[in-house]
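**Q** Sequence and computational prediction follow.
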Amino acid sequence: MMKHMNEAVNEVRKAEHRALSAEADNTLEGTRWLWLYGAENIPEAQRPAFDVLKICNLLTARAWALKETLRNLWLYKSEAWATKHFKRWYGWAIRSRLEPVKKVARMLKSRLANILTYCKSRLTNGPIEGLNNKIQGLIKKAYGYRNKQRFITDIYFHCGGLNLYHDQ
């Protein structure tokens, strides 16, 4: 979700930067990465300049605020409260007149039921993606496997969490 939202913020920034540059206004020059940070991760050295940019009447600032508000969805543990938050955010996003943001909002709305399951289960596919990445690394390291059983054994050995140095 946040990847798509970051891409939308960046599209808004690029379009606005082109429009401002045509008027010889370099307000957004060199700010690409600032808009992709979460509010708590903005580097201290750049925080004062970013605080000024956020309160300017920029389309990019509005897109960033929408992104930050969407992030709050992950804080809810109740599906009902998360739904209420999403509906409020969705209304704001659709009225924003920022086409990349509206596109992401529509995509998220179509997948809302799947998104809200996180509120109940608090499970993500992150650990499985990590395991898959480790297995892919084994395949690369071995330059492939000719023997299926050897491949399975290597997965158990490297990913099984065995302690080979335990006291007996």
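**A** Here it is on my side, so go on. Numbering: from 1, shown residues only.
**Q** Against Arg111, how distant is Tyr145?
**A** In this view, Tyr145 and Arg111 are 36 Å apart by Cβ to Cβ, to the nearest Å. From N, CA and C alone the C-beta is placed, and that goes for glycine too.
**Q** Looking only at neighbour counts, state which of those two leads.
**A** Higher neighbour count among Tyr145 and Arg111: Tyr145, with 15 against 10, using other Cβ atoms under 10 Å.
**Q** buried sites along the longest helix belonging to the chain?
**A** Ranked by number of residues, the top helix in the chain under DSSP state H is helix 2-22. Buried residues in helix 2-22, counted by 16 or more other Cβ atoms under 10 Å: His4, Met5, Asn6, Ala8, Val9, Asn10, Glu11, Val12, Arg13, Glu16, His17, Leu20.
**Q** ok, so of those residues, who is nearest Thr83?
**A** Distance to Thr83 across those (Cβ to Cβ) is lowest for Met5, with 18.3 Å.
**Q** Please give the element, helix or strand, for the closest residue to the closest one other than its chain neighbours.
**A** Closest residue to Met5 apart from its sequence neighbours, by Cβ to Cβ, 6 or more residues apart in numbering: Lys67 at 4.6 Å. Assessed by DSSP states H and E, Lys67 sits inside helix 59-71.
**Q** That helix - what's its average pLDDT?
**A** Averaged over helix 59-71, pLDDT sits at 97.
**Q** Next one: Met5 from Ala105, what distance?
**A** Taking Cβ to Cβ, one finds Met5 at 9 Å from Ala105.
**Q** Same check on Val9?
**A** From Val9 to Ala105 the distance is 13 Å (Cβ to Cβ).
**Q** which residues do these two both contact?
**A** Counting by Cβ atoms under 8 Å, 6 or more residues apart in numbering, Val9 and Ala105 have no shared contacts at all.
**Q** Show me this protein divided up by domain.
**A** Structural domains annotated on the chain: 2-121, 126-159, as defined by automatic domain parsing.
**Q** what's the most buried one of these?
**A** domain 2-121 (a mean of 15; mean count of other Cβ atoms under 10 Å).
**Q** Please name every helix or strand in contact with the helix holding Lys67.
**A** When contacts are defined as 3 or more Cβ pairs under 8 Å, 6 or more residues apart in numbering; DSSP states H and E, helix 59-71 sits against helix 2-22, helix 32-36, helix 47-55, helix 79-95, helix 99-110.
**Q** Report the angle between that helix and helix 99-110.
**A** Counting by axes from the mean of the first three to the mean of the last three Cα atoms, to 10 degrees, helix 59-71 lies at 20 degrees to helix 99-110.
**Q** Pull the residues that contact helix 59-71.
**A** 1-2, 5-6, 8-9, 12-13, 15-16, 28, 31, 35, 38-39, 53-55, 89, 92-93, 96, 98, 100-101.
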